[in-house]
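**Q** Sequence and computational prediction follow.
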Amino acid sequence: MPPGPPSLRDHLAPLLAVAAILVLDRLTKLWALASLRVADPATGAVGSRTIVLIPGCLDFTYAENTGAAFSLFNGHPGALALVAFVIAAAIFWWYWRTPREHRGMRIALGLVLGGAIGNLIDRVIRGSVVDFIHAFWRGHHWPTFNVADSAICVGIALLILWSYREQKTK
């Protein structure tokens, strides 16, 4: 790539990553709310319907996460929304400061940013994040998660791999 300021083409893949994650995250959370969330009309209590995908390994089960990652800091939705906003802004700043030649890193940051914004939207609208992907093996259960969480994890893993590769080439 020739040196110079980034063009729209330089931003296309990362912006598509952000947009794809946001759309997929919103659609799947709306589906989970409509298909997996069960509310008792008499008491207002919320429960969950489960759809088994891979018996003994993976299912869809509705959950509301009022805390941060893995339900840490439950009960502080306003503070968590503010923290999520600050983190999303920091990721955006990091993305903007990343040289255009580092396309893989910019795409990874796009995945993290899309996931962070997806969960931030839930925190602002609902006061909690909709989770529905439940993975487990025998008696070991992974915390229930969503598409945004997956994008954040994949993006971070790619950033780590990219950083490791950069260190090896130096």
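**A** That came through, no problem.

**Q** Could I get the full set of helices for the protein?
**A** Listed in chain order, the helices of the chain (DSSP state H) span 8-35, 77-97, 103-126, 147-169.

**Q** helices and strands around the third one, which ones?
**A** By that I understand helix 103-126. Packing contacts for helix 103-126, counted by 3 or more CB pairs under 8 Å, 6 or more residues apart in numbering; DSSP states H and E, involve helix 8-35, helix 77-97, strand 129-137, helix 147-169. The way it works is simple: take the backbone N, C-alpha and C, and place the C-beta from them, glycine included.

**Q** So for Asp59, which of these sits nearest?
**A** In terms of CB to CB, the element of the helices and strands packed on helix 103-126 nearest to Asp59 is strand 129-137, at 5.2 Å.

**Q** and the closest one, what's its mean pLDDT?
**A** Along strand 129-137, the predicted local confidence has a mean pLDDT of 96.

**Q** what about the closest residue to Leu111 other than its chain neighbours, distance to Asp25?
**A** Using CB to CB, 6 or more residues apart in numbering and skipping the chain neighbours, the partner closest in space to Leu111 is Gly155 (3.3 Å). When CB to CB, to the nearest Å is the yardstick, Gly155 and Asp25 sit 13 Å from each other.
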